[in-house]
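Visitor: Here is the input, now give the coordinates:
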Amino acid sequence: MQQGNIFLIILCVVIFAAAMVTIYLILKANRRVHEMDELEGHDFEYYCADLLKKDSFENVEVTKGSGDFGVDILAEKDGITYAFQCKCYDDTVGVKAVQEIYAGRDYYDRMVGVVMTNQYFTEPAQMMAGKLRIILWDRDKLDELSV
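Guide: Predicted structure coming up:
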């Protein structure tokens, strides 16, 4: 076999191996994201709390559940206080979640309100969040945090 053919074969093997590793990593990341879809409400809140801790949030506290005034997690980062609402849904998240965290943020005297979800937000929810200065973290953001 000629030297050029050997080089070409080696190059093809390397490219194939790199492609397989890339596909594996993408599938692994997608599988991890989909695990959150199977969680129940309070379990999803703890899942989100773990993501926040991983992202250097401090004093991360999951609230008691009922009677939490629309806030599921309290946390701090870089001197900024946050109130989080967690929504594990099968469909898009609407304006109600934005309204709840808006009220809850003020109730707990937090600087920033965030809604976290395993799905995406409706256009009205996005518009309201912009007007009320509420941050929306969809499944893409949670996937980014989980890596």
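Visitor: mind listing what's buried in the lengthiest strand in the chain?
Guide: Across the chain, the longest stretch assigned as strand under DSSP state E is strand 80-87. Neighbour-count burial for strand 80-87, counted by 16 or more other Cβ atoms under 10 Å, picks out 82-87. In short, each C-beta sits where N, CA and C put it, glycine included.
Visitor: Grab the two from those residues that are most spread out in space.
Guide: Spatially, the most separated pair among the buried residues of strand 80-87 is 82 and 87, at 15.9 Å (Cβ to Cβ).
Visitor: From what I see, residue 113 and residue 137 are in contact.
Guide: No. At 11.3 Å, residue 113 does not count as touching residue 137 under the criterion of Cβ atoms under 8 Å.
Visitor: Quick check on the two: which one has the bigger neighbour count.
Guide: Taking neighbours as other Cβ atoms under 10 Å, residue 113 and residue 137 compare with residue 113 leading, 26 against 18.
Visitor: any idea of the mean pLDDT for the strand or helix carrying residue 14?
Guide: Taking DSSP states H and E as the criterion, residue 14 maps to helix 3-37. Taken as a whole, helix 3-37 carries a mean pLDDT of 67.
Visitor: where in this protein is pLDDT low?
Guide: Residue ranges of the chain with pLDDT under 70: 1-4, 19, 21-33, 65-67.
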